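**Q** Predicted model, plus sequence, below.
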Amino acid sequence: MRKIKLLAALLLFPALLAAQEHVTVKGRVVNEQGEGIEYVQLGVPRFQIGSISGADGRFEIKVPRDTLVFFHVSYQQGMYPVTGPADDVVVVLREQELPPAMSIGGRTKEKYLLRPGTMIFKDTGVISTWLSEKSPHSSGREVGSVARATKPFLVQDITLTVYSNKIPGCVGSINIYRIDGKKGPFVNVLHRPIYFAVAESDKPQHYDIQPSEPILLEPGRYFIAFQLVDGEVSQTGDLSIEFNIYLKKSFLRDVALGELEAFPVNIGIAVKGLEYQ
């Protein structure tokens with residue numbers, strides 16, 4: 001019996017190796033009109049592998065033979081079964097239907113939903129994210145802050161300070177996730193992406209971002225995050241963007257669509273708007 005079990009295990013071993021073998025998949029993510037979709041998050045979440053497509057929707061990623069998932073806030077989720085290397089994959093995403101406009105009557109009060117906490121190491125950028133010279137795309141690392149809405153809250157301004165940026169052509173993104181339960185899941189509540197250009201500079205830069213869509217948050221916990229989505233990797237050297245750190249708990253995601261892990265500090269994002277009374 002032992003010999004039979006050992007033989008079966010040996011026969012299965014090559015198949016298991018093949019299943020874990022990583023292959024390169026290249027392609028483009030487009031809408032139903034055939035136009036490229038910018039900055040689509042893609043990856044195999046259970047293997048903690050992720051990336052972000054370029055502004056033209058083109059992507060390149062090394063993954064095991066598994067299901068490649070595609071996510072963009074304006075579109076329905078897409079999937080592609082990876083059976084081997086591929087150079088010309090075209091993934092079509094359907095546009096997400098916008099929910100009906102929400103309105104709440106009554107008085108409102110200007111308020112900060114989120115403040116960053118106490119800054120430490122004021123003259124040093126500590127938390128960093130980067131682009132790799134070996135990869136044409138961002139890995140989609142996300143870091144941010146946690147806020148709690150006790151009443152309905154309309155987001156008007158999202159602010160943060162970049163301590164230094166050495167990435168030319170840098171584009172950042174802001175995501176807002178509702179945290180269902182103590183540890184998730186995390187559900188992105190946006191229906192339109194929030195992108196902004198980050199200038200190359202050795203000096204701190206303050207950004208005040210106004211969303212293009214009304215973002216009305218119901219009472220609950222939220223994770224407001226910064227994500228690096230684009231930059232030029234043609235030149236060598238340090239391709240990093242750095243932030244000061246603040247003493248307030250948060251979450252960190254190393255790759256697009258990967259697991260969000262508890263993080264003891266945050267990067268100083270603040271959120272201001274109107275709280276409904």
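**A** Done, it's in.

**Q** make it CA atoms for all contacts and neighbour counts henceforth
**A** Will do.

**Q** Check which helix or strand the residue nearest to residue 89 when sequence neighbours are not counted maps to.
**A** Spatially, and ignoring its direct neighbours in sequence, residue 89 is nearest to residue 27 (4.2 Å; C-alpha to C-alpha, 6 or more residues apart in numbering). Using DSSP states H and E, residue 27 sits in strand 22-30.

**Q** Which positions in that strand come out as buried?
**A** Buried residues in strand 22-30, defined by neighbour count with 16 or more other C-alpha atoms under 10 Å: 22, 23, 25, 26, 27, 28, 29, 30.

**Q** which one of those sits closest to residue 224?
**A** Closest approach to residue 224 among the buried residues of strand 22-30 (C-alpha to C-alpha): residue 29, at 25.8 Å.

**Q** can you give me the offset of stretch 265-277 from its chain's centre?
**A** In terms of C-alpha atoms, centre = their mean, to the nearest Å, the centre of stretch 265-277 is set 19 Å apart from its chain centre.

**Q** For it, measure first residue to last.
**A** This stretch, stretch 265-277, spans 31 Å end to end (C-alpha to C-alpha, to the nearest Å).

**Q** contacting residues around that stretch?
**A** Residues outside stretch 265-277 that contact it (C-alpha atoms under 8 Å, 6 or more residues apart in numbering) are 104, 106-117, 119, 127, 143-145, 151-161, 224-225, 243-251.

**Q** Please apply the same query to stretch 163-170.
**A** In contact with stretch 163-170 (C-alpha under 8 Å, 6+ apart) are residues 124-125, 130-131, 197-205, 228-233, 238-244.

**Q** Can you turn the buried subset of those residues into a selection I can paste into PyMOL?
**A** Of the contacts of stretch 163-170, the buried ones go into a single PyMOL selection, burial set by 16+ other C-alpha under 10 Å:
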select buried, resi 125+130+131+198+199+228+229+230+231+232+233+239+240+241+242+243+244
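
**Q** returning to that earlier point: the residue nearest to residue 89 pairs with what?
**A** Taking DSSP bridges, one obtains residue 59, residue 89 as the residues bridged to residue 27.

**Q** Alright, calling it a day.
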